[in-house]
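Asks: I need the structure of the sequence given here:
(5 chains)
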Amino acid sequence: MVGASEKYMSRLFRDGRAMFLAYDQGLEHGPKDFNEKNYDPSYVIDIALRNRFTGLILHKGLAEKYREHYAGKVPLIVKVNGKDNIAKVSPFSPVVCSVDYAVKLGADAVGYTLYVGSPDEARQMEDFREVQERARDYGLPVIGWMYPRGEYVPNDTDPTIVAYGARVGLELGADVLKVKYTGSIDSFRRVIQMAGRARVVCAGGLKTDPKTFMQQTHDILEAGACGVAVGRNVWQSSDPDRIAKALELLIYHHSSVDKAMEVLT
Amino acid sequence: MVGASEKYMSRLFRDGRAMFLAYDQGLEHGPKDFNEKNYDPSYVIDIALRNRFTGLILHKGLAEKYREHYAGKVPLIVKVNGKDNIAKVSPFSPVVCSVDYAVKLGADAVGYTLYVGSPDEARQMEDFREVQERARDYGLPVIGWMYPRGEYVPNDTDPTIVAYGARVGLELGADVLKVKYTGSIDSFRRVIQMAGRARVVCAGGLKTDPKTFMQQTHDILEAGACGVAVGRNVWQSSDPDRIAKALELLIYHHSSVDKAMEVLT
Amino acid sequence: MVGASEKYMSRLFRDGRAMFLAYDQGLEHGPKDFNEKNYDPSYVIDIALRNRFTGLILHKGLAEKYREHYAGKVPLIVKVNGKDNIAKVSPFSPVVCSVDYAVKLGADAVGYTLYVGSPDEARQMEDFREVQERARDYGLPVIGWMYPRGEYVPNDTDPTIVAYGARVGLELGADVLKVKYTGSIDSFRRVIQMAGRARVVCAGGLKTDPKTFMQQTHDILEAGACGVAVGRNVWQSSDPDRIAKALELLIYHHSSVDKAMEVLT
Amino acid sequence: MVGASEKYMSRLFRDGRAMFLAYDQGLEHGPKDFNEKNYDPSYVIDIALRNRFTGLILHKGLAEKYREHYAGKVPLIVKVNGKDNIAKVSPFSPVVCSVDYAVKLGADAVGYTLYVGSPDEARQMEDFREVQERARDYGLPVIGWMYPRGEYVPNDTDPTIVAYGARVGLELGADVLKVKYTGSIDSFRRVIQMAGRARVVCAGGLKTDPKTFMQQTHDILEAGACGVAVGRNVWQSSDPDRIAKALELLIYHHSSVDKAMEVLT
Amino acid sequence: MVGASEKYMSRLFRDGRAMFLAYDQGLEHGPKDFNEKNYDPSYVIDIALRNRFTGLILHKGLAEKYREHYAGKVPLIVKVNGKDNIAKVSPFSPVVCSVDYAVKLGADAVGYTLYVGSPDEARQMEDFREVQERARDYGLPVIGWMYPRGEYVPNDTDPTIVAYGARVGLELGADVLKVKYTGSIDSFRRVIQMAGRARVVCAGGLKTDPKTFMQQTHDILEAGACGVAVGRNVWQSSDPDRIAKALELLIYHHSSVDKAMEVLT
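Replies: Residues are numbered from 1 along each chain as shown, chains lettered A, B, ... in the order given. Now for the predicted structure:
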């Protein structure tokens, strides 16, 4: 098959907009991201189920062990590569779940992080090729975490490098690109341009104050992004549902930031 | 198949508790761990058979050559990777037994050591992926030795790093996690939390005095662990059966440390 | 099958001459090559469709996502390896699209960049072998970007090294060789000689003034090349169609440079 | 199949004792080991045929080209990895003959050298795994040359390290272990202990005076070894048959060193 | 199948003698070896066809593109690995043509260069194993270019190292060994001895004066070689046919050097 199937693509979007709940931080960042509630996958999965997320991003282990909790209730995005952050080595993220196994887990899409510009990028591009082409055998959409990183990337939110990262994702065959925010609508619009027919979601990033986060979400949508892949800004919040509701206003209802903030105050 | 089969999982536990006898030290540490009795696999296997261990951990060679000694009498956990400790190089443990061969040997589970945080961790994660997914084809449980190690891990019993190691095991799809003790109930409880639905057994470690060992076993159970994977503290003991009996009291009968110590004195 | 099939080869040539439109720069160079129009693959594809190009060079992602735009209207050359230019490491271009997938995308030929003389050349030669032989299974022509590069190549347009690069392409089994211009008809004639029965197209390279570009195109044809693989000199032009018409005069009608320049002024 | 088949194992032993003629030195050491007679494989093979050796150790090339000379007359042990000694690099011995091809050559067993403690040991252990498991598919015995070597092994006949090497062989699934002599019966007894149910043969090593060699052979048998794998001490001798006869006395007839020496004087 | 089939072997020899025309220099040395005639494969192939060569050595690309020129008229030896000489890195020659593809090209034998003693020799030995064993599946003879090379080989024509290289070829399963001349009949005789039942051809090497070349050819035959693999000394000659005739006298007619020189003067 060529390209992602409409069947799967349509699940990831609501009226062309996407709102993914990312919960791969247990591997990527470790326990330091968690408090007494959100260390528990059930707690975070429940947030996804109570709100209108169009995708839940999990690594293989959580997808496997918490399956009956979410299966059939929210689209599953299996993150097929990953790493922890202990060793300070050249950025490389190995494949930790085969596409075949992701399919067995019921994945509606697979996610892959490509550390664009890393000295080990060639090996990652080869891995990505295999992931993308195997996903095609099933018609599965491929979401690329296009993350410039490493000694040749002094600033990973520099608009030029983020735009290049997005283009790499388009050229290599990703269907959806997860990128970091570049700081302004204009510079993000350039990122969207470079992404061509690949759709763009913005990473939520570190937990920040709700106003800033809402403004950023508004701006990336204004620039042409189709949504967000958010984690810590939701499940580290004391009231995740409220954040989710505010995001829904911005994303699905095209509300203003002020309107979204009303929910939060 | 997704996840470990109940058939195999149930063999590894008695009333939800596990007591594994580890005898992979011949490869990992070499003859220095052995005295005139315990160098002999038959001697150690007999300890497992005489007591209520729910698993016997062997490398391929011992599993193969001493098969008629233990087969059908105690669940077999084949350790599928391993290394000796001669070369002082970056920690990496190669796969020394395929899952397919472990199945031929009659394995009820496979064990894999992941040196979390090692500079070579990416390669290990790839190996682990293959082991885990192949094990799934048979429904075999996967036990992860989650051992932070290497130049970026100054202290491998630091609660933060042990907890991160446990989380890595959960995220990557291990069913049971073997970790080191963190020194206190509270810090170990955090490890258990991070492990989510993966079960946790504590490594026995270096032979220590029985009282300390019993107290540690009690504490990890109190914290939520489901048992121990013990080697030297049993088969280096002058009376291994007595140690085993004491452990059984703690593990299966939820006895106090004092009660357990009565057996030993 | 041995060699490229005539069916595919004949599509790449018009009266023995070739005019390929290269649009792999989004990956190779990134957004810096693009302006407000040509970042959009549709814009560039339209140039190929409006003019008499005998091949459109795309990476997998563009070939996949813009398929209905060009399919069946211009021969597709899928570039099967590629890299971005962020990391300053030894030149190596990983395979980012399998030949099998290129075939699914409808490729009429595959392109592969070999960094001749690079310290990592051995690995590339191995990759090239696999690409070339798999292409043979389908009868697909293989176009070799024969690009000397790396620390042992002080000047990549030195006639000696360009000629060696072309010979490497012939010896390894490429059908068409894309090389850089050596600066003179005589030195380029030597390149053509070394290429033997492999056909040679000249890379367009950096955008330059039209007169220089037309002269160069004339000279390489005079030396025996069969055409050009041009990108930036066309789609960075303010009037790409005019440049294309001028090239057509030189390439298909064997016109003089003056005649070609008439179109452009 | 699990374990080596009795059919093959029984061929390698006579009354539980083994006497292997090693002739892999052409690759391992090169011409310097040879004189005007023993460079010729036919000469050495004849020694094996005239005497009561239970195995002839050859690399693939000799096994292939001198096949009609020995086939069916003496059990064939194909050495499946090997290296020359020219480059002074970290000890690593690549697989130079697949087990499948060894089987085609008529192998009754395969031999593999593992440089225990070498910085590249992990790669060797992976190779050994594949060799051992593929051998099992045929029921072929696996003979491990357990040779501690490299920068972390200051003395490769130190009893501790030889014992560790033997244990590694047992743990990894070798059936017979070829080790170096540790210098005393007592220390070699420890090696035998560590080898468990794997049988041990002692390497002949450099040619030495017959008395020393006979004493060593006697001692390793006394310690529990089942025989020798000898090369230079036989075929570099001016009277190889006499050495062989003396060895037969010690090995098969449990004679004293004095008795064996009578043959030699 | 074990060993090379007689069908193929017999094609490479005439009365037990071999005369191979080597034309792999386009890859190995590049254009600097060529003049206005011999850059053209047709020119060189014609030399093979007009004279009594028993083999024509080509890389895949030439074998493929000039096939109708030579097929069925002279045995084809496909060189399956190769490299250019631009990068000054540790000698390693990657496989550039699979044995399967060589067979499709109509190969009567395959050639492989092994840089004996190179720091990367292990990888080459693994490649050679695969080439040799795959060739066996077809019964194809394997010709080993046994070339000691690299930082541990100060002098690659030193008789000791050439002899060791030849032995490596025998031990690894090559059928014919191509080696460099050691400078004297006696030292070359030792090389022949070490080669055992593998046949030896001498490399022609750099173009030298005809007298010297004829003397060398005579001497290697005298020492027991079965022929030559010659390139530059033939096709760089102003009268290649005459050189070929002189070689035929020496090789097939066992003529004296004086007799051979008569043809040349």
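Asks: could I get the buried residue list for the helix or strand containing residue A:131?
Replies: Per DSSP states H and E, residue A:131 falls inside helix A:121-138. By 16 or more other CB atoms under 10 Å in any protein chain shown, the buried positions in helix A:121-138 come out as A:121-122, A:124-125, A:127-129, A:131-136, A:138. Heads up, the C-betas are built off the backbone N, CA and C, glycines and all.
Asks: next, residue A:202: phi, psi?
Replies: phi -100, psi 140 (degrees, to the nearest 10).
Asks: got it, and residue A:143?
Replies: According to degrees, to the nearest 10, residue A:143 has phi -100, psi 120.
Asks: list the contacts of it.
Replies: A:77, A:109, A:110, A:111, A:112, A:174, A:175, A:176, A:177, A:178, A:201, A:229 (CB atoms under 8 Å, 6 or more residues apart in numbering or on different chains).
Asks: mind putting these into a markdown table with neighbour count, distance to residue A:13 and pLDDT?
Replies: Below are the contacts of residue A:143 laid out as a markdown table (neighbours: other CB atoms under 10 Å in any protein chain shown; distance: CB to CB, whole Å; pLDDT from 0 to 100):
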| residue | neighbour count | distance to residue A:13 | pLDDT |
| --- | --- | --- | --- |
| A:77 | 28 | 12 | 98 |
| A:109 | 24 | 11 | 98 |
| A:110 | 26 | 16 | 98 |
| A:111 | 29 | 15 | 98 |
| A:112 | 27 | 19 | 98 |
| A:174 | 30 | 15 | 98 |
| A:175 | 25 | 11 | 98 |
| A:176 | 28 | 9 | 98 |
| A:177 | 29 | 14 | 98 |
| A:178 | 27 | 14 | 98 |
| A:201 | 26 | 10 | 98 |
| A:229 | 24 | 13 | 98 |
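Asks: got a markdown table for those residues, with secondary structure and distance to residue B:55 too?
Replies: Below are these laid out as a markdown table (DSSP: H, G, I helix; E, B strand; the rest coil; distance: CB to CB, whole Å):
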| residue | secondary structure | distance to residue B:55 |
| --- | --- | --- |
| A:77 | strand | 35 |
| A:109 | strand | 38 |
| A:110 | strand | 34 |
| A:111 | strand | 35 |
| A:112 | strand | 36 |
| A:174 | coil | 43 |
| A:175 | coil | 44 |
| A:176 | strand | 44 |
| A:177 | strand | 46 |
| A:178 | strand | 42 |
| A:201 | strand | 45 |
| A:229 | strand | 41 |
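Asks: which residues sit against the helix or strand hosting residue A:241?
Replies: Applying DSSP H and E as the criterion places residue A:241 in helix A:240-252. Helix A:240-252 has contacts (CB under 8 Å, 6+ apart) with A:14-15, A:17-19, A:47, A:50-53, A:210, A:213-214, A:217-218, A:221, A:227-228, A:230, A:233-234, A:237, A:255, A:257, A:259-261, A:263-264.
Asks: hmm, try it at 7 Å
Replies: Residues outside helix A:240-252 that contact it (CB atoms under 7 Å, 6 or more residues apart in numbering or on different chains) are A:14-15, A:17, A:19, A:47, A:50-52, A:210, A:214, A:217-218, A:221, A:227-228, A:233-234, A:237, A:255, A:259-260, A:263-264.
Asks: buried ones in it?
Replies: Buried, per 16+ other CB under 10 Å, within helix A:240-252: A:240, A:242, A:243, A:244, A:245, A:246, A:247, A:248, A:249, A:250, A:251, A:252.
Asks: which one of the residues you listed sits closest to residue A:36?
Replies: Closest approach to residue A:36 among the buried residues of helix A:240-252 (CB to CB): residue A:240, at 14.3 Å.
Asks: separation between the closest one and residue E:27?
Replies: According to CB to CB, to the nearest Å, residue A:240 and residue E:27 sit 63 Å apart.
Asks: what is the helix holding residue A:131 packed up against?
Replies: Applying 3 or more CB pairs under 7 Å, 6 or more residues apart in numbering or on different chains; DSSP states H and E, one finds that helix A:121-138 makes contact with helix A:99-104, strand A:109-114, strand A:142-146, helix A:159-172.
Asks: what's the most buried one of the ones you listed?
Replies: Stretch with highest mean neighbour count among the helices and strands packed on helix A:121-138: strand A:142-146 (a mean of 29; mean count of other CB atoms under 10 Å in any protein chain shown).
Asks: for chain B, give me its nearest residue in the stretch 1-150 of chain A.
Replies: Nearest residue of the stretch 1-150 of chain A to chain B: residue A:86, at 3.2 Å (CB to the nearest CB).
Asks: three-state assignment of that residue?
Replies: Using DSSP: H, G, I helix; E, B strand; the rest coil, the structure places residue A:86 in coil.
Asks: from chain C, how far off is it?
Replies: Residue A:86 is 23 Å from chain C, where distance means CB to the nearest CB, to the nearest Å.
Asks: what of residue A:244?
Replies: Distance from residue A:244 to chain C, by CB to the nearest CB: 31 Å.
Asks: quick one: that residue and chain E, what's the gap?
Replies: Separation of residue A:244 from chain E (CB to the nearest CB): 54 Å.
Asks: for the stretch 101-250 of chain A, give the residue positioned nearest to chain C.
Replies: Closest contact between the stretch 101-250 of chain A and chain C, by CB to the nearest CB, is at residue A:117 (3.2 Å).
Asks: show me the contacts for the residue nearest to that residue when sequence neighbours are not counted.
Replies: Leaving aside its chain neighbours, residue A:117 sits nearest to residue C:86 (3.2 Å; criterion: CB to CB, 6 or more residues apart in numbering or on different chains). Residues near residue C:86 by CB under 7 Å, 6+ apart: A:116, A:117, A:148, A:152, A:153, A:164.
Asks: quick one: which of those residues is most hemmed in?
Replies: residue A:116 (32 neighbours; other CB atoms under 10 Å in any protein chain shown).
Asks: surely that residue and residue A:148 touch.
Replies: Yes. If you go by CB atoms under 7 Å, residue A:116 and residue A:148 touch, sitting 4.4 Å apart.
Asks: any shared contact partners between the two?
Replies: By CB under 7 Å, 6+ apart, residue A:116 and residue A:148 have these common neighbours: A:165, C:86.
Asks: residue of the stretch 1-150 of chain A nearest chain E, please.
Replies: Counting by CB to the nearest CB, the stretch 1-150 of chain A gets nearest chain E through residue A:122, at 16.4 Å.
Asks: contact residues of the stretch 1-150 of chain A facing chain B?
Replies: Neighbours of chain B within the stretch 1-150 of chain A, by CB under 7 Å from any CB of the partner chain: A:26-27, A:30-31, A:39-41, A:59-62, A:64-66, A:83-84, A:86-89, A:92, A:94-98, A:101, A:104-105.
Asks: quick check, residue A:189 in a helix?
Replies: Yes. Residue A:189 forms part of a helix when assessed by three-state DSSP.
Asks: if I pick it, what's in contact with it?
Replies: So residue A:189 contacts A:223, A:224 (CB under 7 Å, 6+ apart).
Asks: for the residue in the stretch 151-265 of chain A positioned nearest to chain B, what are its contacts?
Replies: Going by CB to the nearest CB, chain B is nearest to residue A:231 of the stretch 151-265 of chain A, at 13.8 Å. Residues in contact with residue A:231 (CB under 7 Å, 6+ apart) are A:21, A:22, A:23, A:25, A:204.
Asks: for residue E:27, see how far away the first one is.
Replies: Distance, residue A:21 to residue E:27, by CB to CB: 55 Å.
Asks: same check, this time on the third one
Replies: Counting by CB to CB, the gap from residue A:23 to residue E:27 is 53 Å.
Asks: same check, this time on the second one
Replies: Taking CB to CB as the measure, residue A:22 falls 50 Å from residue E:27.
Asks: what's the pLDDT at residue A:215?
Replies: We have a pLDDT of 97 for residue A:215.
Asks: got it, and residue A:115?
Replies: With respect to pLDDT, residue A:115 scores 98.
Asks: correct me, but it touches residue A:91?
Replies: Yes. Residue A:115 is within contact range of residue A:91, at 4.0 Å (criterion: CB under 7 Å).
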